[in-house]
Every structure is written in C-alpha cells, then in structure tokens.
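Visitor: I need the structure of the sequence given here:
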Amino acid sequence: MILVLCPNPSIDKLLYVDRLNPGSVNKSSMEKMYPGGKGVHVALALTELGESVTLSGFWGGESGTWIKNECRKKGITCVGPLTKQWNRTCLTILSDQIPQETEIVERGPAVNELHLDHFFSELADLIPKSNSVVVSGSWPPGTPKHVYQQIKDISERHSVPLWVDASGERLTDAICAEPFGIHINHHEAEEYFGKALSPKHSAEKLLTNSRIAAVTNGADGLYMATRESIIHTSCRVDHIISTVGSGDCLTAGLVHAWNRSSDLHEMAKVATACGTANCICPDLGMLKSSDVHRLQHLVTTNAIYPL
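Guide: Model prediction:
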C-alpha cells in the first residue's frame with residue numbers, strides 16, 4: 001500500500017470561455033468538476049497505474065465529502081479528520097484567446113490542534129503498513145512549521161521512504177526534513193536556492209538532503225539525480241490539453257516505478273511518460289495508463305551525467 005497525504009484537497013473546476021475579458025462579466029461555455037489537490041492527483045494517478053492507495057487529508061464540509069466520494073469510486077481508501085469549513089475550490093480557466101490556462105487557487109479551511117492530533121494518530125498507524133509515503137501540495141492554515149519533520153520521524157522509525165513535492169515556504173521545511181525523494185519544478189528550485197541555476201545543477205544540490213532528487217523544467221523534461229548519476233529525459237507530444245497536474249502525475253510515476261524496480265533509467269522514463277500522459281488527458285489532473293505505456297516508448301534519454 002502507498003500512503004498519500006493531501007493536506008489541502010480541493011474541487012478543481014475547469015471553465016471554458018471563448019474570450020477572457022478582465023473587468024467585465026465572463027460567461028463560460030462549458031464547466032467540469034474534478035477531485036483535486038496535488039496529493040489527490042498523485043493518488044488518482046497511482047491507482048490508475050495499478051497501485052493500492054490510501055489517501056489522507058483534512059476533509060471539509062460537503063465539498064470534502066464530494067472529493068472523497070469521487071476518490072472512493074476509483075478504489076482509493078480515504079482517511080483523515082473532518083473540518084467544519086468546506087474544502088477549497090480551485091479554478092482553471094481555458095480560453096482559445098489565451099494559450100496558457102489561468103488558475104485561481106483558494107487557501108483552504110483552517111485546522112486546529114484536534115484535527116492535527118487525529119491526523120498524526122492515523123499516520124502512526126498507517127505508515128508502518130505502507131511501502132512508501134508521499135506528501136504532496138500545500139498545507140491548510142493552522143498547520144505547524146515542522147510538520148514534514150514529524151512525518152519523517154514516523155517514517156524513519158519504520159524504514160518507510162518519504163517522498164515530497166512542496167513549494168514556497170513549506171519547501172524549506174520539506175527539504176530540511178531530508179526526505180528519501182523530492183520532486184520540484186525549475187522555478188521552485190530557483191526560488192529555494194535564491195539564484196538562477198540549471199535544472200541539472202538544482203538536482204545535484206538537492207542531493208545534499210535527499211537520496212533521489214527530481215527537477216522538472218516544462219517541455220525540457222526531467223532531471224533526476226542520485227548519488228551515482230543524473231538522468232535527463234523528455235517526451236514531446238503535438239497537442240497539449242492542459243498541464244494542470246502534470247508534476248503530480250510525474251511524482252506518482254516516480255514512486256510507482258521505484259516500488260516496482262529500482263532501475264533509475266526505468267524510473268525516469270515512467271515518470272516522464274506519466275507527466276506527459278497528464279498533458280493529453282481531457283480529465284483535469286489525471287492520466288490514463290494506456291497513454292503511459294504508449295508514451296514510454298517515445299521518451300528520450302538525452303544525457304547521463306556521472307557525478
């Protein structure tokens with residue numbers, strides 16, 4: 001079983017507008033709703049890839065119930081405390097007028113000490129039963145600063161590898177906890193290190209605090225570093241529907257491939273195929289396993305840099 005933590009789940013609403021006019025009324029021509037939050041995307045992708053997944057988060061109101069029900073339909077076990085405030089809604093606006101999607105991301109419900117005690121009590125029970133723990137996405141208001149270290153301490157006691165995907169202020173906390181594996185994008189790496197670095201160099205530097213470091217750079221692909229080598233992979237497709245959730249699906253691919261095989265080339269290829277499969281999937285933040293298998297044969301390994 002893979003335990004995925006999505007501290008701040010959301011309803012991801014996709015809106016299509018013919019033209020986006022700031023400062024005026026914009027009517028959508030189509031809208032769809034999906035279970036969201038980075039960890040939810042990871043859990044859905046892992047399930048599609050054939051893994052058994054338990055998903056833990058803070059679930060709020062009717063929106064939290066809806067998110068859990070949608071995940072359960074896919075065979076995902078959902079656990080975690082309930083909050084009175086509803087889970088957030090995050091909007092993705094697509095328009096033929098604008099080539100890139102516009103996103104509006106809410107903060108999410110605040111949590112208190114009782115919620116956190118419930119959350120960590122369940123983790124203490126679930127982590128020893130897990131093959132891997134994945135923590136992905138933002139944390140709701142009220143979460144303590146050193147939450148990643150708390151999770152790492154439990155994981156380390158039971159020799160369960162911890163994988164993280166974080167950003168902003170939480171990224172520093174995540175890296176300081178020295179997880180087994182970490183995945184961030186190129187812009188997040190530059191923000192963390194405080195200067196412009198190549199994705200390759202960023203991945204190398206992240207190895208100070210992790211065993212496996214993955215840095216993605218859009219269409220340029222994935223730079224995955226270990227103590228032995230750096231592998232660069234990419235996969236190009238002609239038509240991209242949306243990139244929302246691409247990094248989450250890549251994280252899922254890394255964990256899935258590591259659970260099945262420790263071969264670094266295979267891990268990088270599967271992860272890259274997963275991230276690309278998300279970009280061509282019409283369902284926001286998701287992938288199809290058939291696309292992953294097909295795209296694996298199109299992934300190119302551009303370079304291997306021995307350390």
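Visitor: Helices of the stretch 1-150 of the chain, residue ranges please.
Guide: Counting by DSSP state H, counting those that start in this stretch, one finds helices in the stretch 1-150 of the chain at the ranges 38-48, 61-73, 113-126, 147-157.
Visitor: I'd like to know which of these is closest to Ile230.
Guide: helix 38-48 (23.5 Å; Cβ to Cβ). From N, CA and C alone the C-beta is placed, and that goes for glycine too.
Visitor: Can you name the residues in contact with the closest one?
Guide: With Cβ atoms under 8 Å, 6 or more residues apart in numbering as the test, helix 38-48 has contacts from 2, 4-7, 9-10, 35, 53, 55, 57, 67, 71, 74-76, 134-138, 165, 245, 247-249, 251-253, 255-256, 274, 278, 285-289.
Visitor: Buried among those residues? Need that as a selection in ChimeraX.
Guide: Selection of the buried residues among these in ChimeraX, burial being defined by 16 or more other Cβ atoms under 10 Å:
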select :2,4,5,6,7,9,10,35,53,55,57,67,71,76,134,135,136,137,138,165,245,247,248,249,251,252,253,255,256,274,278,285,286,287,288
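Visitor: From the contacts of helix 38-48, which land in strands?
Guide: Those of those mapping onto strands are 2, 4-6, 10, 35, 53, 55, 57, 134-136, 165, per DSSP state E.
Visitor: Paired strands for the lowest-mean-pLDDT helix or strand in the chain, with orientation please.
Guide: Within the chain, confidence by mean pLDDT, DSSP states H and E is lowest for strand 300-306 among all helices and strands, at a mean of 79. Sheet pairing of strand 300-306 (DSSP bridges) gives strand 229-234 (antiparallel).
Visitor: Next, the buried residues of the strand it pairs with.
Guide: Within strand 229-234, judged by 16+ other Cβ under 10 Å, the buried ones are Ile230, Ile231, His232, Thr233, Ser234.
Visitor: Against which helices or strands is the helix or strand hosting His201 packed?
Guide: Using DSSP states H and E, His201 maps to helix 199-206. Helices and strands touching helix 199-206, by 3 or more Cβ pairs under 8 Å, 6 or more residues apart in numbering; DSSP states H and E, are helix 186-193, strand 212-216, strand 222-225, strand 229-234.
Visitor: for those, which one sits closest to Gly23?
Guide: Nearest of the helices and strands packed on helix 199-206 (Cβ to Cβ): helix 186-193, 28.2 Å.
Visitor: Identify the residues contacting the helix holding His201?
Guide: With Cβ under 8 Å, 6+ apart, helix 199-206 has contacts from 175, 182, 184, 186, 189-190, 193, 197, 213-217, 220, 223-225, 230, 232, 305, 307.
Visitor: Let's see it as PDB, backbone CA atoms only.
Guide: Provided in PDB are the C-alpha atoms of helix 199-206 (Å, rounded to 0.1, in the frame of the first residue of the first chain):
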ATOM      1  CA  PRO A 199      17.800  22.100 -13.600                       C
ATOM      2  CA  LYS A 200      20.700  19.800 -13.600                       C
ATOM      3  CA  HIS A 201      22.600  21.800 -11.000                       C
ATOM      4  CA  SER A 202      19.500  22.200  -8.900                       C
ATOM      5  CA  ALA A 203      19.000  18.400  -8.800                       C
ATOM      6  CA  GLU A 204      22.600  18.000  -7.800                       C
ATOM      7  CA  LYS A 205      22.300  20.400  -4.900                       C
ATOM      8  CA  LEU A 206      19.100  18.800  -3.700                       C
END
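Visitor: what is the orientation angle of that helix with strand 212-216?
Guide: Angle, helix 199-206 to strand 212-216, by axes from the mean of the first three to the mean of the last three Cα atoms, to 10 degrees: 150 degrees.
Visitor: quick check: mean pLDDT across helix 199-206?
Guide: Mean per-residue pLDDT for helix 199-206: 95.
Visitor: same check, this time on stretch 108-127
Guide: Stretch 108-127 comes out at a mean pLDDT of 97.
Visitor: what's the spacing between that stretch and its chain's center?
Guide: 20 Å (Cα atoms, centre = their mean, to the nearest Å).
Visitor: Noted, bye for now.
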